[in-house]
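*Asks:* quick one, fold the following:
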Amino acid sequence: MPLPVELLWQNGWPPAALLFWSRISEIKVLPRDLVAADFWSGEKERCKVACQTLADLLFAAGRGEEALAALMLATDPVKPQTFEIVLPQLGYAVEHLWDWPVASITRNHALQRLAIWWSAARGDFRDDEHSIFFITRLEMLDQETASSDLAVTGQQNRPKHRYEHKDFSLVVIQKDKATSLSKDQSGFKDLLDVRLPLVVARDLDTVRTTLMMEYPHATTAIDLVLRDLREGEPVRLKAVLLTGPAGVGKSRLVRRLGDLLGIGVYRYDGSGASDNMFGGCPKAWSSSIPSAPARAINQMRIANPIVMIDEADKSGTSTHNGRLWDALLPFLERETAARHRDVSLDAELNLSFISYIATANSIEPLPAPLKDRFRIIKVPAPRILDLPVLAANVLQELAVENGEHGFVWPLAHDELEVIARAWERTELSIRKLQKILEATIEARNASAVRH
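*Replies:* Model prediction:
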């Protein structure tokens, strides 16, 4: 789906911003780091200026859809005029330009949501401080509730009511439980007494179906990972350890899960960890840094990111400088995590909504206390019969990396046969499959040039 259409279905500004930010990361010529601080500041005016700056840069780079998406993020129901530059282009594209490959999302569905945006442009929500994405969610729920009530009771004149929503947010750092932050920790000052949003699980059936289509060898693992999530409730998983042979797609599965849930994934490299720096280092040190979970929240400006500890089994085992395994333990207990005292910030943090997913090729090196706190889920190696689906997904990823978002020419039967023989020699590693497909595409392009 075009990015502006996907934004119409986001349930709030944070998930819409996360989706947009992840998409524009693929545009290598875009200096998004220049506006990152303003974009994620949590201050409405700074965010709007950052979005407008990104829109100008994207238009200049010839990325019209992404530029329109940036302008959508800059709209403000309190200022109806901010919709004037967005809606004519968006409405025309929805009605006349874009195709609709997803059966469950039609042009009429998009137009229903756009009607709420037009209402905002008229000033109907001038007194509502929420984003247009959140307002659209509530209005659509109102319409669905009203339609259901009419179908059941037949009351044609039933009054419309505002959907009463829960406040899905959390104060991570209370000011009265924090000491004075240093100059190097100025980014965390913006979090004092601020209610950060909790990303809510939406369309879990679609998330599950999509993951199973993309990872057909891991259907049982996907079901086990998703079992804690509830529709309409904040995303929060019990600690999960994905184990399986190298190259079966464990890390890629975690990143894809984060994309589909509209939530950030903060990666911590376990293979390069030879100390306890996951938990941060004391404030008195000259090189003091906060814990990895605190850095994840500060970077993503949500209270429930996913922290992925990649290759946890390869971390250092010496206790001289502390171990990653020992540093992890306090964060995996929700009761402890809700009152974690960060040694660098010297502040009490509520980290209880963070989800921890670790990956490992083997659980044998891991200490028993750590294994007891994780739900251990095995991701099996793919099968040769999974090749057509996996190859198609990897081709799409390669196209995105190369800036080609359009049609990807499918693999021919003889190409699949050659790839299958080469892939079997790698013990069916998805990581090696990507290299095989890259070589296949290069060979195909070279043949096309000769002819």
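*Asks:* so where's the chain shaky on pLDDT?
*Replies:* The chain contains residues with pLDDT under 70 at 100-106, 142-167, 183-184, 274-275, 283-287, 316-322, 400-410, 447-451.
*Asks:* the domain parsing of it - what is it?
*Replies:* 3-165, 171-378, 384-450 (automatic domain parsing).
*Asks:* out of these, deepest packed?
*Replies:* domain 171-378 (a mean of 18; mean count of other Cβ atoms under 10 Å). Backbone N, C-alpha and C define where each C-beta goes, glycine included.
*Asks:* how far does it sit from the chain's center?
*Replies:* Distance of domain 171-378 from its chain centroid, counting by Cα atoms, centre = their mean, to the nearest Å, is 13 Å.
*Asks:* now do the same end-to-end measure for that domain.
*Replies:* Length of domain 171-378, first residue to last, Cα to Cα, to the nearest Å: 35 Å.
*Asks:* in the stretch 151-300 of the chain, which spans are helices?
*Replies:* 186-189, 204-214, 219-226, 250-261, 292-300 (DSSP state H, counting those that start in this stretch).
*Asks:* show me what the third one is packed up against.
*Replies:* To tie it back to what came earlier, the one meant is helix 219-226. helix 204-214, strand 240-243, helix 250-261, strand 375-378 (3 or more Cβ pairs under 8 Å, 6 or more residues apart in numbering; DSSP states H and E).
*Asks:* can you redo the ones you listed as JSON lines with distance to Val394?
*Replies:* Shown next, in JSON lines, are the helices and strands packed on helix 219-226 (distance: least, Cβ to Cβ, whole Å):
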{"stretch": "helix 204-214", "distance to Val394": "10"}
{"stretch": "strand 240-243", "distance to Val394": "19"}
{"stretch": "helix 250-261", "distance to Val394": "10"}
{"stretch": "strand 375-378", "distance to Val394": "22"}
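*Asks:* which of these sits closest to Pro77?
*Replies:* Pro77 lies closest to helix 250-261 among the helices and strands packed on helix 219-226, at 25.7 Å (Cβ to Cβ).
*Asks:* out of the helices of the stretch 151-300 of the chain, nearest to Ala422?
*Replies:* Using Cβ to Cβ, the nearest of the helices of the stretch 151-300 of the chain to Ala422 is helix 250-261, at 19.9 Å.
*Asks:* of the helices and strands packed on helix 219-226, give the one that comes closest to Phe20.
*Replies:* Short answer: helix 250-261, nearest of those by Cβ to Cβ, at 12.3 Å.
*Asks:* how much does the closest one deviate in direction from helix 204-214?
*Replies:* Orientation of helix 250-261 against helix 204-214 (axes from the mean of the first three to the mean of the last three Cα atoms, to 10 degrees) gives an angle of 150 degrees.
*Asks:* please save the CA atoms from helix 250-261 in PDB.
*Replies:* Backbone C-alpha positions of helix 250-261 (Å, rounded to 0.1, in the frame of the first residue of the first chain) are rendered in PDB as follows:
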ATOM      1  CA  LYS A 250      15.500 -15.200  14.200                       C
ATOM      2  CA  SER A 251      16.700 -11.500  14.200                       C
ATOM      3  CA  ARG A 252      14.800 -10.700  11.000                       C
ATOM      4  CA  LEU A 253      11.600 -12.200  12.500                       C
ATOM      5  CA  VAL A 254      12.000  -9.900  15.500                       C
ATOM      6  CA  ARG A 255      12.500  -6.800  13.400                       C
ATOM      7  CA  ARG A 256       9.500  -7.700  11.200                       C
ATOM      8  CA  LEU A 257       7.400  -8.200  14.300                       C
ATOM      9  CA  GLY A 258       8.300  -4.700  15.400                       C
ATOM     10  CA  ASP A 259       7.400  -3.300  12.000                       C
ATOM     11  CA  LEU A 260       4.000  -4.900  11.900                       C
ATOM     12  CA  LEU A 261       3.100  -3.900  15.400                       C
END
